[in-house]
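1. Sequence plus the predicted model coming up.
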Amino acid sequence: GAVVSQHPSWVICKSGTSVKIECRSLDFQATTMFWYRQFPKQSLMLMATSNEGSKATYEQGVEKDKFLINHASLTLSTLTVTSAHPEDSSFYICSAREGPTGNTIYFGEGSWLTVV
Amino acid sequence: ILNVEQSPQSLHVQEGDSTNFTCSFPSSNFYALHWYRWETAKSPEALFVMTLNGDEKKKGRISATLNTKEGYSYLYIKGSQPEDSATYLCAFSPNTGNTPLVFGKGTRLSVIA
């Protein structure tokens, strides 16, 4: 089946620094990828929809200047958490739809971010 | 705001028991209902994508039903095994096209040997 790879799995960074998380579709082209964040005991919450070759669409309340999303190719989307603060510590996970209207959405393994 | 509710939040069963849990979702603007199994440190694994009212899907010992008119889906596991221990997520896909999924909080299943 389709595979989505997310890297890194774990990252610890100092407050004020930036962290980049990569999401790759390994065996299919993903015109759209989705970035979610999950806080303890909460649902996966959509942060933004990443469209290849165009600007990401951010959900209400998500700062686009803080969470930079780049989707420069059909197989790679990146999320950069800029000027990270401890409250940004969370679980971040990406997903990708196979094809523009495919029913199945595949997930990466997720990334645990801890800002100290 | 679209709301997807899953119950129970967590469940402990003995090996060999059959179990089921519920996902409730908005009954309007329905496109698809997804079930995922999410084991610790792994990617969520797609189990089922259901689109038709009354649909029933099966994968081994796991099956799911769908009622789009009343907005609920059941996931059943027959003869639970320890390897079934995971968080089961349901996600609602509204409308058509390239829309993101709306997730419930999941049901955490623990199967005790």
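-> Cool, the structure landed.
2. Show me where chain A has its strands.
-> For chain A, applying DSSP state E gives strands covering A:4-7, A:10-13, A:19-25, A:32-38, A:45-51, A:57-58, A:67-73, A:76-81, A:90-97, A:105-107, A:111-115.
3. Let me know which of these is the nearest to B:E45.
-> strand A:105-107 (8.2 Å; C-beta to C-beta). To be clear about C-beta, it is placed using only N, CA and C from the backbone, and glycine gets the same treatment.
4. distance between that closest one and the chain's centre?
-> 12 Å (C-alpha atoms, centre = their mean, to the nearest Å).
5. so where's the chain shaky on pLDDT?
-> Using chain A here. Scanning chain A for pLDDT under 70 picks out the ranges A:1, A:99-102.
6. please go with chain B instead
-> B:1, B:96-98.
7. still on that earlier bit, let me have the strands of chain A in TSV, extended by distance to B:A113 and mean neighbour count.
-> Below are the strands of chain A laid out as TSV (distance: least, C-beta to C-beta, whole Å; neighbours: other C-beta atoms under 10 Å in any protein chain shown):
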stretch	distance to B:A113	mean neighbour count
strand A:4-7	31	18
strand A:10-13	30	13
strand A:19-25	36	21
strand A:32-38	29	24
strand A:45-51	34	21
strand A:57-58	45	17
strand A:67-73	42	17
strand A:76-81	39	21
strand A:90-97	28	24
strand A:105-107	28	24
strand A:111-115	29	18
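8. I'd like to know which of those strands lies nearest to B:L66.
-> The minimum distance between B:L66 and the strands of chain A falls on strand A:105-107, with 17.4 Å, by C-beta to C-beta.
9. The closest one pairs with which strands, parallel or anti?
-> strand A:90-97 (antiparallel) (DSSP bridges).
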